[in-house]
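*Asks:* Generate coordinates for the sequence data below:
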Amino acid sequence: MDRETFALADRHFRGLGGGVPGIGQAPGRVAFVSEPGAFSYADFVRGFLLPNLPCVFSSAFTQGWGSRRRWVTPAGRPDFDHLLRTYGDVVVPVANCGVQEYNSNPKEHMPLRDYITYWKEYIEGGYSSPRGCLYLKDWHLCRDFPVEDVFTLPVYFSSDWLNEFWDALDVDDYRFVYAGPAGSWSPFHADIFGSFSWSVNVCGRKKWLLFPPGQEEALRDRHGNLPYDVTSPALCDTHLHPRSQLAGPPLEITQEAGEMVFVPSGWHHQVHNLDDTISINHNWVNGFNLANMWRFLQQELCAVQEEVIMRSCSGINFEEFYHFLKVIAEKRLLVLREAAAEDSAGLSFEQAAFDAGRITEVLASLVAHPNFQRVDTSAFSPRPKELLQQLREAVDAAVAP
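*Replies:* Numbers count the residues shown, from 1 in each chain. Okay, the predicted model is just below:
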């Protein structure tokens, strides 16, 4: 992040006055970014992060990826032989797209070689099987297997606090591989924690249906539940979905091989594989959507009331959220205190100052929250109020003329 981008982002969030960034009028179409050399990180901040809008990057942005060379046949199909040689014994999670379990699909685990055997038989059977349509989803390839030159993280998504945090703990990540036949799909949902996501088709095509934040409310049924499938004719039944006519049509994307989709925070979406498809997907949070993550956690607490239940529903409670903020904050404070031009991970002074400012605002709200005040923080180091004071001093010094 350069000085001009820092100043622009800082003014934007100061203007919100502690509010949560969202979206006003939805665009009529999703922007397409064609040339890597003509599109900077500052352009991405200005055009998509600050207004929280989706976009599609051309295949030129992923041209050099190893997965696009090695995982794909010359005809553009999944290279099953290479995948078997390299990952055949790895156990992967597989969802059954034909079975609804709440608003998702039940999963099982199997060796990748067994899934590829199924996939080949599914194709040979005319894209049909007594086992249903199975979809490999949420495979933590980067966490669980020594990776080859699979992908290069685009600079636009390099400020990724979720994976920075989990990498520091060395126990988990939010980097995934998805792979499945034509007809496999993901039901209507928004990404966890109000995170951003990016998705690249290594091969194949996807159809995306996206709804801007708030529009999903009109799609709820008379019991208040979100739909499982937004293409279902049931949404036209005003007795079942009394407000569905108030929802505008989704923004639709046909994502080609090699293209990269950016999904903003809070955008509900549904995704269908139009071909046999492999994709790489990340969820990520940073200073631009941290307030959305904090709002999500507060809403979860209101919905379940009990902190233990909250962790089982959202995967994180308030104590763990403080630890997440602390891990990111301490790295930013180190850069700011040393007034380093850039740290070893490429974190600029301006990026550290912006990040620290966003953490300060959310941490102040967390410290004041009555549920967090019931947490025993006596063993925390630093204590929350101490960290908040350190951040305020560092941010004031960073922005001082």
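*Asks:* Helices of this protein, residue ranges please.
*Replies:* For the chain, helices defined by DSSP state H occupy the ranges 3-16, 41-44, 66-70, 80-87, 112-124, 141-144, 161-169, 290-304, 307-314, 318-338, 349-368, 370-373, 384-399.
*Asks:* Just give me the lowest mean pLDDT stretch among those.
*Replies:* Within the helices of the chain, confidence is poorest for helix 307-314, with a mean of 48 (mean pLDDT).
*Asks:* I'd like to know how far the closest residue in space to Ala31 that isn't next to it in sequence sits from Leu251.
*Replies:* Of all residues not flanking Ala31 in the chain, Cys55 sits nearest, at 4.5 Å (Cβ to Cβ, 6 or more residues apart in numbering). All C-beta spots, glycine's among them, are computed from the backbone N, C-alpha and C. Cys55 sits 11 Å away from Leu251, going by Cβ to Cβ, to the nearest Å.
*Asks:* Identify the contacts common to those two.
*Replies:* Taking Cβ atoms under 8 Å, 6 or more residues apart in numbering as the contact rule, Cys55 and Leu251 both touch Val30.
*Asks:* So which bits of stretch 65-79 are buried?
*Replies:* In terms of neighbour count (16 or more other Cβ atoms under 10 Å), stretch 65-79 has its buried residues at Trp65, Ser67, Arg68, Trp71, Val72, Pro78, Asp79.
*Asks:* my guess is the fifth one contacts Asp81, does it?
*Replies:* No. Shown here, Val72 and Asp81 do not form a contact pair, counting by Cβ atoms under 8 Å, at 11.6 Å.
*Asks:* So for these two, which residues contact both of them?
*Replies:* With Cβ under 8 Å, 6+ apart as the test, Val72 and Asp81 reach no residue in common.
*Asks:* how deep is Val263 tucked in, by neighbour count?
*Replies:* 23 (other Cβ atoms under 10 Å).
*Asks:* Can you pull the domain assignment for the chain?
*Replies:* Per automatic domain parsing, the structural domains of the chain span 27-284, 290-399.
*Asks:* Met1 is nearest to which of those?
*Replies:* Minimum separation from Met1 across the domains of the chain (Cβ to Cβ) falls at domain 290-399, 4.1 Å.
*Asks:* Ends of the closest one, what's the gap?
*Replies:* 20 Å (Cα to Cα, to the nearest Å).
*Asks:* go on, stretch 232-251?
*Replies:* 17 Å.
*Asks:* Now do the buried residues in that stretch.
*Replies:* Using 16+ other Cβ under 10 Å as the test for burial, stretch 232-251 gives Leu235, His241, Ser244, Ala247, Pro250, Leu251.
*Asks:* Name the surrounding residues that touch it.
*Replies:* Contacts of stretch 232-251 (Cβ under 8 Å, 6+ apart): 26-27, 29-30, 54, 208-212, 215-222, 227, 230, 270.
*Asks:* Go again with 10 Å.
*Replies:* The contact list for stretch 232-251 (Cβ atoms under 10 Å, 6 or more residues apart in numbering) reads 26-30, 53-54, 188, 208-212, 214-223, 225, 227-231, 267-270.
*Asks:* Return the subset of the residues you listed lying in strands.
*Replies:* The strands, defined by DSSP state E, take in Phe188, Trp208, Leu209, Leu210, Phe211, His268, His269, Gln270 from the contacts of stretch 232-251.
*Asks:* Show me which of those is closest to Thr5.
*Replies:* Once Cβ to Cβ is applied, the member of the ones in strands among the contacts of stretch 232-251 that ends up nearest Thr5 is Leu210, at 25.7 Å.
*Asks:* ok, now which ones touch that closest one?
*Replies:* Leu210 neighbours (Cβ under 10 Å, 6+ apart): 26, 30, 54, 250-253, 261, 263-264, 267-271.
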